[in-house]
Each structure stands twice: as C-alpha cells, then as structure tokens.
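Q: Build me a structure from this.
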Amino acid sequence: MAEPQAEPFHMALAYLRDRLQSGDYRPGARIIAVDLADELRLSTTPVREALSRLAGEGLVEDRRGQGYFVRLLSAADIADLYRMSLAHLLIAHEPRRTARTIGAASHPTAEAVERAPVSAIEELFRRWVLLTGSRMLVSAFRVLQVQLGPVRRLEARALSDLSGEAARLIEADGASRSDRLTLLRQFHGLRIREAERLAALLEADGRAAPE
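A: Sure, this is the predicted structure:
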C-alpha cells in the first residue's frame, strides 16, 4: 500500500498518537472516525488511514465490521511493554552509542519534575533514544511510548515517589553509564512487579468510561 502523504493524514496520525499516549481514550473505547474527522475538520479518509496505520502498529484494534477500538492490555502485556522499554534503553546505552554527549540538553526544572514526573521521564528516555541516531530504534521506541502512555499515567495511583525517581534519573543523565543502567533496571523492574496492579487500574478505568 502506498504511503499516505497528504498533510491531513499526518495531522490525524499525530493527534491520535498524542491522545492515545495521554490516556484520553479509555481502554476498550471505540474511536469513531466520523466524530474524529469532525473534531479535526477533516474528511474521514485521512482519519481512517491514520487509524489503519495505528492498527498496523498495534496501537488500536481493528474489529472488522465494528470499527477501531483502544487496545486492552493485560498484566502480561504491561510487563512485556516495560521489558521492551528497558531493552530499547539498554540498546541506546551500548558503549559504542553513548560516545555522544548525552547530558548536553537542558533538563526540566525541579518544579516541572514535581508537577509532571511521568512526562519528564518520557522526554528524558526519548532524548536518550534520539541521540543514538538509529531510525529503527527511534521508530520502535515511539510506538512503545504510545502503547505505555495510558499505563504510565496510572503509575501515581500504584507507585510512590515518582518525582524522586524522575529527579534521580535526570541527575544521572550526566553521571556514569553504569549509574544510569542501574537506575533504569530499578525503574522498570518496579513496574514489572506491579503489572497486575496497573492492569487492574487500567481495567477499572475502562469500566468507568461512558458508553
């Protein structure tokens, strides 16, 4: 299938990725192409193309004859997504890749970290991956961040000290590679252990969604 190039397609795709990552769509919710097209002031064609792309990436579920739905994640799915996140970041920190200056970019303020620790960590992880210069790794990690987005936004209800974690990771940005790897393993290991709890919260949110 040819790559859709029209600007409306990219607009719809970016908008959907942002909303999926931010958890605006509840688990199991149907995404209605006509309503989304009206919201974006687009025709339904680029919206359907964007939804088809996201279905191909595993970000939404295409139920033939019913439409597109936000994918439901089990505890095993969540644990595996965090394992893949760790794997991507370990690849990004391979010695031959980290010769570049990882600590060069500015960091969020302490107030920003306290206010939105999840977003601060997502941006830090994204920058580490971008600095590899690997298009394959960047593309895979972008999809993974969208998949994990709704779960990440429930972490405050299952885990404590998110701001402390964010501050330590950001501080380690300019530290040794071994320090960063230790913190990354601790960060992801905690969430893998709490996958059942996170899945229960995600399911509860899906049940609470309006019809």
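Q: can we go C-alpha only for contacts and neighbour counts from here?
A: OK.
Q: number of nearby residues for Ala76?
A: Using other CA atoms under 10 Å, Ala76 has 12 neighbouring residues.
Q: got the contact list for the residue nearest in space to the middle of the chain?
A: Centroid-nearest residue in the chain: Gln145, 2.0 Å away (criterion: CA atoms, centre = their mean). By CA atoms under 8 Å, 6 or more residues apart in numbering, Gln145 lies in contact with Gln21, Glu122.
Q: in the protein, what residue sits furthest out from the centroid?
A: In the chain, the residue that sits farthest from the middle, by CA atoms, centre = their mean, is Gly65; the gap is 28.1 Å.
Q: Can you list phi and psi of it for me?
A: Phi and psi for Gly65, reported as degrees, to the nearest 10, are phi 90, psi -10.
Q: mind checking the SS state of the residue nearest to the centre of the chain?
A: Here Gln145 takes the helix state, with states given by DSSP: H, G, I helix; E, B strand; the rest coil.
Q: and the gap between it and Met11?
A: Using CA to CA, to the nearest Å, Gln145 is found at 19 Å from Met11.
Q: quick one: buried residues of the lowest-mean-pLDDT helix or strand in the chain?
A: Scoring the helices and strands of the chain by mean pLDDT, DSSP states H and E places helix 110-115 at the bottom, with a mean of 81. Under the neighbour-count criterion of 16 or more other CA atoms under 10 Å, helix 110-115 has Val113, Glu114 buried.
Q: I'd like to know how many residues surround Arg135.
A: Count around Arg135 with other CA under 10 Å applied: 11.
Q: all helices for this structure, in order.
A: Taking DSSP state H as the criterion, the chain carries its helices at 7-22, 33-40, 44-56, 75-92, 110-115, 117-130, 135-152, 155-158, 162-172, 177-193, 195-208.
Q: on that earlier part again, now for the least confident helix or strand of the chain, which elements pack on it?
A: helix 162-172 (3 or more CA pairs under 8 Å, 6 or more residues apart in numbering; DSSP states H and E).
Q: Name the surrounding residues that touch the helix it packs on.
A: With CA under 8 Å, 6+ apart, helix 162-172 has contacts from 107, 110, 113-114, 116-118, 120-121, 124, 155-156, 179-180, 183-184, 187.
Q: angle of that helix against helix 177-193?
A: Relative orientation of helix 162-172 versus helix 177-193 (axes from the mean of the first three to the mean of the last three CA atoms, to 10 degrees): 160 degrees.
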